[in-house]
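Novice: Please find the sequence and the predicted model below.
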Amino acid sequence: MESALTARDRVGVQDFVLLENYTSEAAFIENLRKRFKENLIYTYIGSVLVSVNPYKDLEIYTKNHMERYRGVNFYEVSPHIYAVADNSYRSMRTERKDQCILISGESGAGKTEASKKILQYYAVTCPASDQVQTVKDRLLQSNPVLEAFGNAKTLRNDNSSRFGKYMDIQFDFKGAPVGGHIINYLLEKSRVVHQNHGERNFHIFYQLIEGGEEDLLRRLGLERNPQQYQYLVKGNCPKVSSINDRSDWKVVKKALSVIGFNEDDVEELLNIIASVLHLGNVQYGDEEGNACITSDTQIKYLARLLGVNGTVLTEALTHKKIIAKGEELMSPLNLEQASYARDALSKAVYGRTFTWLVNKINASLSYKDDSSKTYSVIGLLDIYGFEVFQNNSFEQFCINYCNEKLQQLFIELTLKSEQEEYESTSITWEPVQYFNNKIICDLVEEKFKGIISILDEECLRPGDASDITFLEKLEDIVGGHAHFVTHKLADGKTRKVMGRDEFRLQHYAGEVNYNVNGFLDKNNDLLFRNLKEVMCMSENNILNQCFNKEELSDKKRPDTAATQFKASLAKLMEILMSKEPSYVRCIKPNDSKQAGRFDEVLIRHQVKYLGLMENLRVRRAGFAYRRRYEVFLQRYKSLCPDTWPNWQGKLADGVATLVKHLGYKPEEYKLGRSKIFIRFPKTLFSTEDALETRKHSLAVMDVVYLSAIAVQAWWRGILARRRAKQRRQAVDTIRRKKKKKQHLFVKGFIYRHKERCPENEYFLDYVRYSFLMKLHRNLPKNVLDKSWPTPPAALTEASEHLRKLCMQNMVWSYCKKISPEWKHQMEQKAIASELFKDKKDNYPQSVPKLFLSTRLNGEDINPKALQTLGSEKMKYGVPVTKYDRKGYKARPRQLLLTGNSAIIIEEAKVKQRIDYAALKGISVSSLSDGLFVLHVPSEDNKQKGDVVLQSDYVIETLTKIAICADKINSININQGSIKFTGTQGKEGIIDFTPGSELLVAKAKNGHLSVTAPRLNSR
């Protein structure tokens, strides 16, 4: 993960714990935005994964990605849902402790997709067999079935889960998935009978109508038009562009088959789904204030589909059974009561069928070898996140209560894990201040005084109980609570934003107003007794299991919806507390489901309600970064000479040496028993930046190292091939001998190191003969060829004599062929080598170039200048540049060498004649420039001082001067500077410095400055 820190300015940090300004909500959201824009939808808060729904397909869920995260340390790769899945799986396998992954977020944030990705990861990466593959298929296929019956299109999400789901995946000792178990929570049954505008009922109704075969629809009495059914028209949204109901129907039918539903199960299940639609179409009329059913058509279909008596059903839908003093009386219902009874039956039938469906899936997933618990478990909790709508009712109250409990558990477990990690590594734990939301949980669930207890009491008490009397009772009992307020108890400012039928709770995530209308009915969730009796008589096997006859004889009133939910939530807390938790927090970036759109206001709302800032604050209360010693040392060891390339001592000592070299201050870090803890992100950032710089030099070293290995391998190959060739030759030699000779040859080889004797004389003679024949075939071709076969020990002295004779003969032959001109050329080159080799930078460039007899042709020299030579013959001429002794102005000149003197000419005029006898010496720099100085006696009145010249052929020119003047030992090669004498004995200095290009100019200090490139490393 640390490798991405160098790009943090562009893509943010991969872990919010590394935010420098971790208390700033703006910095938190800006980091989310940076990553979202780069399609990096996952970010950590420590071990918590924050996931932003991209609303588009990303190529990050392939099998290659799964393999990339498989078995890899959690922080070694970039954040991903696969990293969480793999970390839980490896912890389960290595620590033998059950795990759970808690996925939360509001509708549309991607919770269901996250749980699917985790299941897919386990299906692909876990060990498999035929039996295991069946379980994998059933685990995966349970998703489309549960989505069809439990998901619906809402304003915020086209595939919103309208129930909470906890799934246990069971693994055997080999780590293969062998079973599963699902627990469902708080199905939104009210959606069966009512949907808000722009929303739909559960998917299965539309899938059946759109995808069902004609024969099936005819048998069920359905039409291929959702608008015909009262339970499907209230949201006025039968079609959704992102949903293909016909295609989804095929997927669901296949999934039911894979899970293990037979044809009878499917038929009876679809009968129930169709019966719910027919129930919605039951219409009532008014007869003297009593309700009556106006059409028998729906009753006929219902009787057949539910397997009940039509007359009995009709009576149950229009009458209520009352038991008074042991007598049963049938009381007629008015229109409102009859509609309530019909809707209550629809909700009860669908809700209980959904529970049966979950149990049926559990039966197909159950681990068959359950004689003893030999399996480990990973739990997946996909549950609704904190919900705040314009109008919040009983469902939102339950959902937010659930989130309060989960937040309480989350903070406790996070603090507990932090404290355990500190203590396990001998780091002092500093208590963290945080908002303990137990006070809110108690406000909701406390016995006798909590909101749920007050609601239950109001539902059960005799008399005219209503939603308003419930609100008044809340004001009396919990009115003084700091986290509770109503319109009556509020101040003037708050009353403006609250209705008289609302109460407000101050949750951990913020304030929420709840409208009490419908609280009592939804909490009672009552189904009239005679309707239960009808369902208990059903011939539909599914309904027969859903409506148990024991309910009728049970005199105890069933628990209310809130109490049931409270009890199931308590069990869920027990389950989660018994497991090692991991967390996935899902965020939706916008309400319009658009890819690439980042709605900051909406995201700030979710960051608050998910408690992410509180989580970050708890995680950052101590040290921002912690890693095991081996991981930290492996990554950063190249930054310290003492730990690079390998540290041989204890890991703790290696890390201590490394951080000391890096200059960490004592308050910036602590060393635990097995981990290093770094307090500030900036400390880690500077370390990571240093590593990025170091990588460039390491890359060069790697290239050199790999090159050396390649050369070594190449050379070892050559040696091996030579040895193999020698062995083959030896074998061939032995094979060529006759049998008798073979015996002598082998025996002679055995005695080859002894003095000459009858046993080895044949072998030694053969070796001498072989060497001489080999030498004859491989004699050197020229004097530069130094190759010579290695002689046997007995011929070492003779071989050396032969080598010398051969060389003398080649030298003699070579010398006979040399022309006088070539001999003169080589003599000059030999002198140049003696003078300049390894002393002047541009000497190597002169070696392959021939020295010419002159660089000036007859027409290049003015005839008058030639006349001044008189009888002297010109031996060499070259164009030069002369630098004035005052001001160092460059002037073109010609340098002519004769037998007695060096003459400097300007066109037809002789500017200076220097007799060789008067030439004191010649100075030249060690760089690649062409400047040289001819030194003359200062007391000689004929001379004007030393001469500063520059030649493009400086090696050739100085060699010619040295030969003509016989001054081979008078050439001085200087480094740094050359001093010379000017007019009237004044001293001048030439400074030489290496540079990128040749530059000659007068410096500010009055010296002549020469900058010359370094062409050769001496």
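Specialist: Done, it's in. Remember, predicted model here, so these are calculated numbers, not experimental data.
Novice: Just the buried residues of the helix or strand encompassing R219, please?
Specialist: Using DSSP states H and E, R219 sits within helix 214-220. Applying a neighbour-count criterion of 16 or more other C-beta atoms under 10 Å, the buried positions in helix 214-220 are 217, 219-220. Quick note: C-beta positions are derived from backbone N, CA and C, even for glycine.
Novice: swap in stretch 51-66?
Specialist: Residues 51-55, 60-61, 66 are the ones in stretch 51-66 that count as buried (16+ other C-beta under 10 Å).
Novice: Report pLDDT for N809.
Specialist: In the prediction, the pLDDT value recorded for N809 is 89.
Novice: Wait, a helix at it?
Specialist: Yes - using DSSP: H, G, I helix; E, B strand; the rest coil, the secondary structure at N809 is a helix.
Novice: Just give me the neighbour total for it.
Specialist: With neighbours defined by other C-beta atoms under 10 Å, the count for N809 comes to 11.
Novice: cool, A902 as well?
Specialist: Counted with other C-beta under 10 Å, the neighbours of A902 add up to 22.
Novice: Can you verify my assumption that H278 contacts L306?
Specialist: No - contact status for H278 versus L306: not in contact, 9.2 Å apart, counting by C-beta atoms under 8 Å.
Novice: and the gap between E76 and Q207?
Specialist: E76 is 43 Å from Q207, where distance means C-beta to C-beta, to the nearest Å.
Novice: Comparing the two, which residue is more hemmed in?
Specialist: Under the neighbour definition other C-beta under 10 Å, E76 and Q207 were set side by side, and Q207 has more, 24 against 13.
Novice: got a list of what that one touches?
Specialist: Q207 makes contact with 148, 245-246, 248-249, 252, according to C-beta atoms under 8 Å, 6 or more residues apart in numbering.
Novice: at 10 Å what do you get?
Specialist: By C-beta atoms under 10 Å, 6 or more residues apart in numbering, Q207 lies in contact with 148-149, 243-253, 273.
Novice: Show me the domain layout of this structure.
Specialist: Partitioning the chain according to the TED database yields domains covering residues 398-572, 623-701, 754-817, 822-1012.
Novice: Take the ones you listed and write them to CSV, including distance to Y121.
Specialist: Compiled in CSV, the domains of the chain are given as follows (distance: least, C-beta to C-beta, whole Å):
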stretch, distance to Y121
domain 398-572, 23
domain 623-701, 23
domain 754-817, 66
domain 822-1012, 58
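Novice: and of those domains, who's closest to I383?
Specialist: Taking C-beta to C-beta as the criterion, I383 comes closest to domain 398-572 out of the domains of the chain, the separation being 6.6 Å.
Novice: Show me the shaky parts of the stretch 401-550 of the chain.
Specialist: The model of the stretch 401-550 of the chain has pLDDT under 70 over residues 415-435.
Novice: repeat for the stretch 1-150 of the chain
Specialist: Within the stretch 1-150 of the chain, the stretches falling below the threshold (pLDDT under 70) are 1-10, 75, 130.
Novice: Which parts of it are helices?
Specialist: Taking DSSP state H, counting those that start in this stretch, the helices of the stretch 1-150 of the chain run over residues 8-11, 25-37, 63-69, 81-95, 111-125, 130-150.
Novice: Ok, which of those comes nearest I904?
Specialist: Distances from I904 to each of these were compared by C-beta to C-beta, and the smallest falls on helix 8-11, at 65.2 Å.
Novice: And the strands in the stretch 851-1000 of the chain, which stretches?
Specialist: Ranges of strands within the stretch 851-1000 of the chain are 876-883, 890-897, 901-906, 909-915, 921-925, 931-935, 947-950, 971-974, 977-981, 987-995, 999-1002, based on DSSP state E, counting those that start in this stretch.
Novice: For E668, which of the ones you listed is the nearest?
Specialist: Between E668 and these, the shortest separation by C-beta to C-beta is 43.8 Å, and it involves strand 987-995.
Novice: for that closest one, packing partners?
Specialist: Helices and strands touching strand 987-995, as assessed by 3 or more C-beta pairs under 10 Å, 6 or more residues apart in numbering; DSSP states H and E, comprise strand 921-925, strand 931-935, strand 977-981, strand 1008-1013.
Novice: let's see it at 6 Å
Specialist: strand 977-981, strand 1008-1013 (3 or more C-beta pairs under 6 Å, 6 or more residues apart in numbering; DSSP states H and E).
Novice: tell me the angle of that strand relative to strand 1008-1013?
Specialist: Following axes from the mean of the first three to the mean of the last three C-alpha atoms, to 10 degrees, one obtains 20 degrees for the angle between strand 987-995 and strand 1008-1013.
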